[in-house]
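**Q** turn this into a structure:
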Amino acid sequence: MILPFVRTALLPGCSAIALLASAEPANAQAVNTDLATAAAAAAGATQTATEIVVVGTPEESYAIGGSFATVTNDDLRRTRVLNVNDALRQVAGVFVRDEEGAGMRPNIGIRGLNPIRSTKVLLLEDGVPLGYAPYGDNAAYYHPPIQRFTAVEVLKGAGQIRFGPQTIGGVVNYITPEVPDEFIANGTIAGGNRDMLMLDGMVGGKLLGGGVLMHVNHNQTDGNRDNQALRFTDIFIKGAWELGPDHGITVKLSRFREDSQVGYSGLTRAEFAAAPRSNVFVNDDFQTERLNATLAHRWDLGENLRLITTGYYHHFTRDWWRQSSNSGQRPNDASDPTCGGLANLLTSCGNEGRLRDYDTYGVESRLTVDHALLGFGGETEIGFRHHEERQARRQWNGDTPDARRPGTGVNAGVRENNQRDTNAFSAFIQSRFDFGALSIAPGVRAEFIDITRRNLPIDVLVGGRPLGAVTAPTSGSESINEVLPGIGATWQVAENVTLYGGVHRGFAPPRVEDIITTAGGSVDLDPELSWNYEIGVRGEFVPGINADATFFVMDFENQIVAQSVAGGIGTQLTSAGRTLHRGGEFALNASSRDAGWTQGDTDVFARLAVTWVADAMYNSTRIATAPCFDGATAGTLVATGAGAVPCGVARNVDGNRLPYSPEWLVSGAVGVEHKGFTGQLELISQSSIFADDVNLIPVTPDGQRGLIEGWTQVNAAVSYGPPGGTWEVFTSARNLFDRLYVVDRARGILPGQPFTIQAGVTLRY
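**A** Residues are numbered from 1 along each chain as shown. Take a look at the predicted model:
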């Protein structure tokens, strides 16, 4: 009942504002400073200013009443990043957990939130949702290559309510290159150990009165484990045209294709001890394809108004055929007599096909009003979005290791066949009021979400035999409506120093499968809700040294966690109740050239990002049981982070640390640039983390529970190219000392990145 009313009431209001603005005299000159900064960029680029600003240029970001960070193109180049993990580790507050070794299924957490499959962050590309189902299944089984982007932004704090639906931890926004006015072309080829190969090329220039840019990337590597072959290709096209003085459009098309030999299961304790990078599931296969089209239009409605409207469509298909989903699922006689045990893994043991298709589309309009129109400082942004998702999900169990269709064995057949639909309407308004050195930015966001799940009949026949139980169709639906207020403020206490702070309502909707059961009933799983607070200071405290320090609190009324203590992304989720996150972040960037200590082509630089999550704990009653293993009987004491407790006995874990939340994260680098030479040495460090809610320390036989020890890794990157020249050579090395460490236990033990070296050459026209 609420959703139709809001649509009826608000959409005409937006139209009325637009009509009122269109009555202003047309102005062919550039818009005022607040709006023009959105169009400012490198010389020689076609600028239509159609892309949504998340953090933006320094001129735009100074008034953000919250913490943010930008990984610039220089940061990406100096580090010679291999994937998105290398980029995001440079940001304070961000925890990136590796998985297969290519960053194609990133695990990104912010401020102590579990990073599993990036479900608790909002991923954007140029301000538009990047995920294939950000409302109904916000899991990152796809990620573009980092080479597609020129910068990465991370926005935390109250400014998140401009986006959604995830407004808890933060927003990660990837920025694509500007379209050039003049012809450009460049290409890179790089190779390294573990069968690493990267081919990257870009070409662009004028076309039909505007400009077009095309970027193609192919990456392959064996990643972190044996018997893996990760292969993916990305094609990205971007065009920009000015349609007179007041209108501009940007069109983006992309196709991503992955064809990888990669499994889902980690290792047992014994397997890891015997061969830490082993992988027996050589027939596992992962196939994805993502098609995307985005059309954005800018309309300058007079000197102080701008309307940006963006339409987007994503199609994503994912077929993952695997013989195991976790280290506890090993073929044995009891579960599959046809298989008969792990010895027959490559012959008579079957597999599971987890087949997914997603169609996601939406349209969003944002109207920016400069307050000069009203006679005072600041601006207001009003936005509306209609968004729809269609999921088709199937599970086909095959009879053989390389089956690609349902089988007829005991455990084979069609095990899942359902559709999950999400319709969402959202609206927000956020204003910034300037009072000299003080700026205040109140805002509010509303989310109205309708969810439907239809379980289709399983009645596929082969030779007259049903594959799985014949079931009748069932369906269920739920609605979620939330209003999310927030307010941020900045106070410029000195010429280059700003205090900032804010509070906002955090929100994340549950997945479709976690709110509606297979039978169509309600799980009664509430949305994640929190109150988020932060206060900080940023600025150039001395010439050439910029720093940002933040203290944060995230007080959850309800946090969603895995019901299984070692649950992966496919595990049934449950409401954990109250949880509490508290800590601090510190970031520093230094440049001798900016400080005036060195001149011209010489720069000694350094960066540091420190995250301290002092508390990430259960803050209400939660009952859990420490396991008994290795012959122990119930009542035997077992070591946990809270001290020795009796195994096999249910107890309250209130006060225990949340899984996968390190207390300390450190990323730092020092380097030098001199007349075309760049060299950088980087250190990354992570403190230990618990893998379950009882904070178990010894490792269980399946490897899914037990402490994950902290680790430190040293990386290096070197490059040289004549200043202004047409070529550049480079090399980079990760984990220089080849330290063996564990990154994950959710589905069994996964090892971290081994020593990895890459060398390449770039040619430019």
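
**Q** going by C-alpha atoms from here, please, whenever you check contacts or count neighbours.
**A** Will do.

**Q** where in the protein is pLDDT low?
**A** Within the chain, the segments meeting pLDDT under 70 span 1-48, 332-335, 458-472, 517-525, 561-576.

**Q** got the domain ranges for it?
**A** For the chain, the domain assignment from automatic domain parsing gives the residue ranges 2-619+655-764, 620-650.

**Q** okay if I get the ones you listed as TSV plus mean neighbour count?
**A** Listed next are the domains of the chain as TSV, based on neighbours: other Cα atoms under 10 Å:
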stretch	mean neighbour count
domain 2-619+655-764	20
domain 620-650	16
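
**Q** three-state assignment of Phe376?
**A** coil (DSSP: H, G, I helix; E, B strand; the rest coil).

**Q** roughly how far apart are it and Thr490?
**A** Per Cα to Cα, to the nearest Å, Phe376 is found 17 Å from Thr490.

**Q** could you tell me the end-to-end distance of stretch 202-221?
**A** 22 Å.

**Q** wait, Phe236 touches His218, no?
**A** No: between Phe236 and His218 there is no contact under Cα atoms under 8 Å: 11.7 Å.

**Q** so who does Thr310 touch?
**A** Thr310 is in contact with 294-297, 363-365, counting by Cα atoms under 8 Å, 6 or more residues apart in numbering.

**Q** secondary structure element for it, which one?
**A** strand 305-322 (DSSP states H and E).

**Q** what of Asp594?
**A** Here Asp594 is assigned to helix 592-595, by DSSP H and E.

**Q** for the next helix or strand after that helix, packing partners?
**A** Next along the chain after helix 592-595, taking DSSP H and E as the criterion, comes strand 602-618. Under the contact definition 3 or more Cα pairs under 8 Å, 6 or more residues apart in numbering; DSSP states H and E, strand 602-618 sits against strand 579-591, helix 592-595, strand 664-674.

**Q** mind listing the strands in the stretch 301-450 of the chain by residue range?
**A** With DSSP state E, counting those that start in this stretch as the criterion, the stretch 301-450 of the chain has strands at 305-322, 351-370, 378-398, 413-435, 438-455.

**Q** got TSV for these, with distance to Ser61 too?
**A** Below are the strands of the stretch 301-450 of the chain laid out as TSV (distance: least, Cα to Cα, whole Å):
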stretch	distance to Ser61
strand 305-322	18
strand 351-370	16
strand 378-398	13
strand 413-435	12
strand 438-455	12
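
**Q** between these, which gets nearest to Val262?
**A** strand 305-322 (8.5 Å; Cα to Cα).

**Q** list the neighbouring strands of that closest one plus their orientation.
**A** strand 285-300 (antiparallel), strand 351-370 (antiparallel) (DSSP bridges).

**Q** of all these, which one comes closest to Arg582?
**A** Arg582 lies closest, by Cα to Cα, to one member of the strands paired with strand 305-322: strand 351-370, at 33.4 Å.

**Q** send the alpha carbons of the closest one over as PDB?
**A** C-alpha atoms of strand 351-370 as PDB (Å, rounded to 0.1, in the frame of the first residue of the first chain):
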ATOM      1  CA  ASN A 351      28.800 -33.700  -9.500                       C
ATOM      2  CA  GLU A 352      26.400 -30.900  -8.700                       C
ATOM      3  CA  GLY A 353      25.600 -28.200 -11.200                       C
ATOM      4  CA  ARG A 354      24.600 -24.900  -9.500                       C
ATOM      5  CA  LEU A 355      23.100 -23.000 -12.400                       C
ATOM      6  CA  ARG A 356      22.100 -19.400 -12.100                       C
ATOM      7  CA  ASP A 357      20.700 -16.700 -14.400                       C
ATOM      8  CA  TYR A 358      20.000 -13.100 -13.500                       C
ATOM      9  CA  ASP A 359      18.400 -10.200 -15.300                       C
ATOM     10  CA  THR A 360      18.700  -6.900 -13.600                       C
ATOM     11  CA  TYR A 361      17.500  -3.500 -14.900                       C
ATOM     12  CA  GLY A 362      16.500  -0.100 -13.600                       C
ATOM     13  CA  VAL A 363      16.300   3.600 -14.200                       C
ATOM     14  CA  GLU A 364      17.500   6.300 -11.800                       C
ATOM     15  CA  SER A 365      17.200  10.100 -11.900                       C
ATOM     16  CA  ARG A 366      19.100  12.600  -9.800                       C
ATOM     17  CA  LEU A 367      18.400  16.200  -9.700                       C
ATOM     18  CA  THR A 368      21.000  18.500  -8.300                       C
ATOM     19  CA  VAL A 369      20.000  22.000  -7.100                       C
ATOM     20  CA  ASP A 370      22.700  24.600  -6.400                       C
END
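
**Q** alright, I will stop here.
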